[in-house]
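Colleague: Sequence first, then the predicted structure:
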Amino acid sequence: MKTVLVVSGEAGVRISIRHALMLERYAVLAAENASQALEISNSHRERSLHLLIADAGLPDLSAFELAEAIVANRSDTRVLIAGKHADQRLAGAGYSFLKKPIIVPELVRIVNLILKD
C-alpha cells in the first residue's frame with residue numbers, strides 16, 4: 001500500500017482528499033500545516049512516503065520549502081502542489097502542480113498517474 005501525506009490548512013479539503021484516496025487503497029496521513037507535516041514525516045521514518053500533496057497557501061512554510069525539506073530526507077517522495085498559480089521552481093524540481101480549486105476526481109486521477117507502477 002502506498003502512503004500519501006496530505007497537507008492543507010482547510011479541514012474540509014483534508015477530509016475530502018483523505019476519503020477519496022483511501023477509497024483508492026492508499027494509506028493517507030494528514031497535516032494542517034508544514035510543521036505538523038514535518039513531524040509526521042519524521043515520526044514515520046520506518047514507512048515509505050510515496051507522495052506529498054501540499055497546499056501552496058500554507059501559513060508557516062511555503063509548499064515548495066516543505067517539499068524540499070521532506071525530499072531532502074526522503075528522496076523517493078514525489079510531490080504534488082495545489083495552488084492558484086504555478087511556481088516556476090516546481091518544474092525545475094520535478095514537482096507536479098494542480099490548479100485550485102481542487103476537484104477531487106481530478107486529483108485522484110493525477111495521484112494515480114504519479115504513483116502508477
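Modeller: Structure received.

Colleague: Against residue 26, how distant is residue 2?
Modeller: For residue 2, the distance to residue 26 equals 6 Å [CB to CB, to the nearest Å]. For every residue, glycine as well, the C-beta is placed using N, CA and C.

Colleague: how about the nearest residue to residue 31, chain neighbours excluded?
Modeller: Closest residue to residue 31 apart from its sequence neighbours, by CB to CB, 6 or more residues apart in numbering: residue 37 at 3.9 Å.

Colleague: now swap in residue 18 and tell me
Modeller: residue 28 (4.6 Å).

Colleague: following the helix or strand bottoming out on mean pLDDT in the chain, which helix or strand comes up?
Modeller: Within the chain, no helix or strand scores below helix 88-93, which has a mean of 66 by mean pLDDT, DSSP states H and E. The helix or strand immediately downstream of helix 88-93 is strand 96-99, counting by DSSP states H and E.

Colleague: So what touches the following helix or strand past that following strand?
Modeller: As assigned by DSSP H and E, the chain's next helix or strand after strand 96-99 is helix 104-115. By CB atoms under 8 Å, 6 or more residues apart in numbering, the list of residues contacting helix 104-115 from outside reads 2, 4, 16-17, 20-21, 24, 26, 50-51, 53, 78, 80, 82, 96, 98.

Colleague: All set, thanks.
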